[in-house]
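A.B. asks: Return atomic coordinates for the entry below.
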Amino acid sequence: MSWHVRQLLGGAILGVALTASTQGYAESLWTDPLRTAGTVSSNPARMPIATNSTCGLAVQLPSPLTLLDAVERALCRNPQTRQAWANVKAQAAAVGVSRAAYLPALTAGGTWSKANNRTTFPDFPQADSTLKANSSDVNLNLSWVLYDFGLRAANLENARQLLNAANATQDDTLQTVFLNTVQSFYDAQAGQALLVATTEAEQAAAESFKASDAKYLAGAGTQADRLQAQTSYAQASLKRAQAAGDLQNALGSLAIVMGLRPNTPLVLAELGDAGDAPLLQQAVDDLIADAVRTHPKILAVQAQLKAAQAQINAARAEGRPTLSLFATGDRSDTPINQVSSQQTITSRSVGVRINIPLLDGFSTKYKVRGAEAQAESKEAELANVEQQVMLEVWKSNQALRTEAENLKSTDILLRSARQSFEVAKGRYKAGVGNILELLKAQSDLAGAQQQRILSLTNWQTARLRLAASLGRLRTDGI
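C.D. replies: Below is the predicted model of the structure:
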C-alpha cells in the first residue's frame, strides 16, 4: 500500500469512524473530509476579521472616509477579489478530487419488479396457469486501485500546484485592487482639494474684479483693466465648475472600485501634507531581487510551471498498467413457477485485476508531447513575467524618487506664489501696480496650488505603487 493511501486512510476513513469531540469538528469533517480547505482564506480579502464574504464591515460608510476604509471595502467587495477567491475554492475542491482517487470506490445497486404471467391453452383449459410473484436483485461492488505507476501522484501534484497558483493569483488580484483603490482614492482626494483650490481662486478673482471695478467707477482705473479682471473671474468660475464635475466622476470611480454604486455619497478625509518626504534608501538591485523572489505574479507562474511538469508525468503514466482490487456481492430473487414461487441466488467474489494498455492509437505519445509543449510555454511565460516585474520595479523606484523631489519643489513654488500674490494685491490696491501684474500673480498662485495638490497625490501613489511592484502592499502599511 502506497504512502498516499496510508495517509488518506488515516486522515479520512479512520477519521470518519471516530466520534467527533465537538460539533464544529464534526461539521468540518463532514464538509471537508479530505482537508482541502486549509489553504483557502475565510473571506475574499484574506482578512482575519470575519468568516463571511462581506468581511464583517459595517454597512454604514464612515465619514470621513479614509484610505484604509476604502481599501478594506474594496478588497472585500470588489467583484475581482470575490472571483479570485471563488477560483481558489474551486481549485481546492480539485485537490480533493485528486486525493479521493487514492480511496476505494463502493457502489450499490438494486432492482425490484412485479411479475404477473398467465399461460392459457385453448384446446386444453385444464393446463392454464397463472404466476404472480415479485423479483429483486441487489448488488454491492468495491473497486480499489492499488498501484498505477504514479498516475494519481502526478494528478495530485498537478492539482496542488494549480492551487498554489490560484492562491498566488488571488494575492496578485488583491494587490491590483489595492493599488486601483489607492489611485482612485487619491484621484478623488485630489479632486476634492482642487475644488477647494479653484473655489479660492474664484474668490480671489472676484476680489480682483471688485477692486478694478471700484477703481473704474472712481475714475482711477481703465475699462480695459476692468474687462481683463472680469475675464479672469469668468475663467476662474469655469475652472471651479470643471473641478466640481471632475470630483463627482472621481468619487463615482472610487465607489465602483469599492463594490458600491457610483451614486453612493462619499465624504473623504482632507488631503494632508507629506511633510519631509524621505528618499528611498534601499538599492534598486535589492528591490528587483526581492520582487523576483516574492512577487505573487511570479509565484503564480512558477506554480503553473510545476503543474505543467506534473502533467507530463501524468500523461506518461496513463499508458502504464494499473493494479486494482475488486470485490462484488450479489443477491437475486426470481420467480420460477407455481410450485416454487422464487429462487434465491447469492454470489460473492474477491480478486485482483490488472489492466495493461497495449494499443491506444499513439494517443499517449501525443498527450506527453502536448504536455511538454505546455511546460515549455510556461517557462517562457515565467521569463516574460519576471522581466515585466523587474521593469515595473525599476520604473516605480525612479517615479518615487522623482515625485519626492517634485514634492520639495512644489512646496517652495507654492510659498513663493502666495507671497507674490499678496505683494501684487497690495501694490494694486495702493495704486502702484497694474492689473496685469495682479492677474499674473493670481494665475501663478492658482497653478502652484494645483501643482502642489497633484504632487502630493502623485507622491503618495508612487510610494504605494512601488510597494505593489514588489508585491508588498498591505493594509497595515498605509
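
A.B. asks: Only C-alpha atoms from now on, for both contacts and neighbour counts.
C.D. replies: OK.

A.B. asks: So for stretch 312-332, mean pLDDT?
C.D. replies: In this model, stretch 312-332 has an average pLDDT of 91.

A.B. asks: nope, stretch 394-407 is what I meant
C.D. replies: 92.

A.B. asks: all strands for the chain, in order.
C.D. replies: Using DSSP state E, the strands of the chain run over 105-119, 129-147, 322-334, 343-355.

A.B. asks: Can you lay out these as JSON lines showing mean neighbour count and distance to Q203?
C.D. replies: Output for the strands of the chain, formatted as JSON lines (neighbours: other CA atoms under 10 Å; distance: least, CA to CA, whole Å):
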{"stretch": "strand 105-119", "mean neighbour count": "11", "distance to Q203": "81"}
{"stretch": "strand 129-147", "mean neighbour count": "16", "distance to Q203": "83"}
{"stretch": "strand 322-334", "mean neighbour count": "17", "distance to Q203": "86"}
{"stretch": "strand 343-355", "mean neighbour count": "12", "distance to Q203": "89"}
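
A.B. asks: Go through these and name the closest to L391.
C.D. replies: strand 129-147 (48.0 Å; CA to CA).

A.B. asks: Counting by contacts, list what that closest one packs against.
C.D. replies: Contacts defined by 3 or more CA pairs under 8 Å, 6 or more residues apart in numbering; DSSP states H and E place strand 129-147 against strand 105-119, strand 322-334.

A.B. asks: Which of those sits closest to A168?
C.D. replies: For these, proximity to A168 was assessed by CA to CA; strand 105-119 is nearest, at 33.4 Å.

A.B. asks: any idea of the angle the closest one forms with strand 129-147?
C.D. replies: Angle of strand 105-119 versus strand 129-147, following axes from the mean of the first three to the mean of the last three CA atoms, to 10 degrees, is 170 degrees.

A.B. asks: Report the separation between A168 and Q175.
C.D. replies: When distances are taken as CA to CA, to the nearest Å, A168 and Q175 turn out to be 11 Å apart.

A.B. asks: G426 too?
C.D. replies: Distance from G426 to Q175, counting by CA to CA: 52 Å.

A.B. asks: Kindly report the same for R353.
C.D. replies: Distance from R353 to Q175, by CA to CA: 51 Å.

A.B. asks: coming back round to it: of all the helices and strands packed on strand 129-147, which lies closest to A380?
C.D. replies: strand 322-334 (34.7 Å).

A.B. asks: lowest-pLDDT helix or strand in the chain?
C.D. replies: Every helix and strand of the chain was ranked by mean pLDDT, DSSP states H and E. The lowest is helix 14-17, at a mean of 32.

A.B. asks: Can you show me the helices along this protein?
C.D. replies: 3-8, 14-17, 23-31, 67-77, 79-100, 151-218, 223-257, 284-294, 296-317, 363-429, 435-469 (DSSP state H).

A.B. asks: closest to T344 out of those helices?
C.D. replies: helix 14-17 (33.5 Å).

A.B. asks: L438 - how many residues pack around it?
C.D. replies: When counting by other CA atoms under 10 Å, one arrives at 24 neighbours for L438.

A.B. asks: For the closest residue to it other than its chain neighbours, list the residues it contacts.
C.D. replies: For L438, ignoring the flanking residues on the chain, the nearest one in space by CA to CA, 6 or more residues apart in numbering is A424 at 5.1 Å. Each residue near A424 by CA atoms under 8 Å, 6 or more residues apart in numbering is listed here: 433, 437-438, 441.

A.B. asks: Look up the pLDDT of A424 for me, please.
C.D. replies: On pLDDT, A424 comes in at 90.
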